[in-house]
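Asks: Sharing a model prediction with you, sequence too.
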Amino acid sequence: MTNPESRIPNPDDGEAAIRVRGLVNRFGSQIVHDELDLDVRRGEILGVVGGSGTGKSVLMRSILGLRQPDAGTIEVLGADAVSGDSADRRHITRNTGVLFQDGALFSSMTVGENVQVPLKEQHRDFPERWYYELALLKVKLAGLPAEAINKLPSQLSGGMRKRAGLARALALDPPLLFLDEPTAGLDPIGAAAFDRLIKTLQEALGLTVFLITHDLDTLYAICDRVAVLADRKVIATAPLAEIEQVDHPWIQEYFHGPRARAARQSREPGAGHRESAIPAPPA
């Protein structure tokens, strides 16, 4: 089996969209991350996994500049996310889209108004009709029907709210997309459809995707590489086939337990895995 230390990211291993070095995050006396390193390559879907309390969302918030880490450096598309100036922060905001686990939509706004929020923040001099037309384009891109643009979040199903949140995340045409548990709470058919949508968008738009998930089917279906958080660090980053061979207790339990075996078997030819019956999202 592979030694976990051999899979620590190599700074020369491809062009990095995100580069994290020596990251430390503490909450009082609790150390969540201790000298954590990670590279996310341009154009890949990186699945981020780890047990409860390993700080997956804390890592994402640190990369986005939403949390100031206690130590370390973070570079996002060439901008300094830790000690950079306002130009660095604007660069990161303008070039990243985020889908939080619950969608984080404004409940009193329609889907279209939610999607227009980042557009109006970044482009204040557009004609009013442009905001609506751009929002409609993003709503359709996220696989929602055009009529969804005038609905409130409370009028949508869970899967449709996820897509509405995705439409807002795509509003500024960001090259870098962050997804926090995008299939959580969805039934298998809805989760498979969302996986297919993400993969289609990533390939069509050339996106780099940082995807936090516990969904083994998602990892097997769409992730190019997987980063594993444990022991306060990223202990391994590699394609899934290599991750499965890493000699670490959590990895062995997670990737070789009953659920993992079922997920692998569902990917075998003729097994009818959950993605196969899902049509491509509308153009």
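Replies: Yes, it's here.

Asks: Could you list the low-pLDDT ranges of the stretch 101-250 of the chain?
Replies: Applying pLDDT under 70 to the stretch 101-250 of the chain flags no residue at all.

Asks: could you pull out the helices for it?
Replies: 111-122, 128-141, 158-169, 188-205, 216-222, 240-243, 249-256 (DSSP state H, counting those that start in this stretch).

Asks: Return the set of buried residues in the second one.
Replies: This points to helix 128-141. 131-132, 134-136, 138-141 (16 or more other C-beta atoms under 10 Å). Where C-beta positions appear, they are placed from N, C-alpha and C, glycine not excepted.

Asks: So which residues make contact with it?
Replies: Identification of contacts with helix 128-141 by C-beta atoms under 8 Å, 6 or more residues apart in numbering yields 111-113, 115-116, 119-120, 146, 148-149, 164, 167-168, 170-171, 201, 282.

Asks: what residues does stretch 202-213 touch?
Replies: 17-18, 40-49, 56-57, 60, 63, 173-183, 198, 201, 218-219, 222-223.

Asks: Buried ones among these?
Replies: Counted by 16+ other C-beta under 10 Å, these give 17-18, 40-41, 43-49, 56-57, 60, 63, 174-183, 198, 201, 218-219, 222-223 as buried.

Asks: can you tell me which of these are in strands?
Replies: 17-18, 40-41, 45-49, 176-180 (DSSP state E).

Asks: Quick one: those residues as JSON lines, columns for distance to residue 160 too.
Replies: Shown next, in JSON lines, are those (distance: C-beta to C-beta, whole Å):
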{"residue": "17", "distance to residue 160": "29"}
{"residue": "18", "distance to residue 160": "30"}
{"residue": "40", "distance to residue 160": "29"}
{"residue": "41", "distance to residue 160": "31"}
{"residue": "45", "distance to residue 160": "23"}
{"residue": "46", "distance to residue 160": "26"}
{"residue": "47", "distance to residue 160": "24"}
{"residue": "48", "distance to residue 160": "25"}
{"residue": "49", "distance to residue 160": "26"}
{"residue": "176", "distance to residue 160": "24"}
{"residue": "177", "distance to residue 160": "19"}
{"residue": "178", "distance to residue 160": "20"}
{"residue": "179", "distance to residue 160": "16"}
{"residue": "180", "distance to residue 160": "18"}
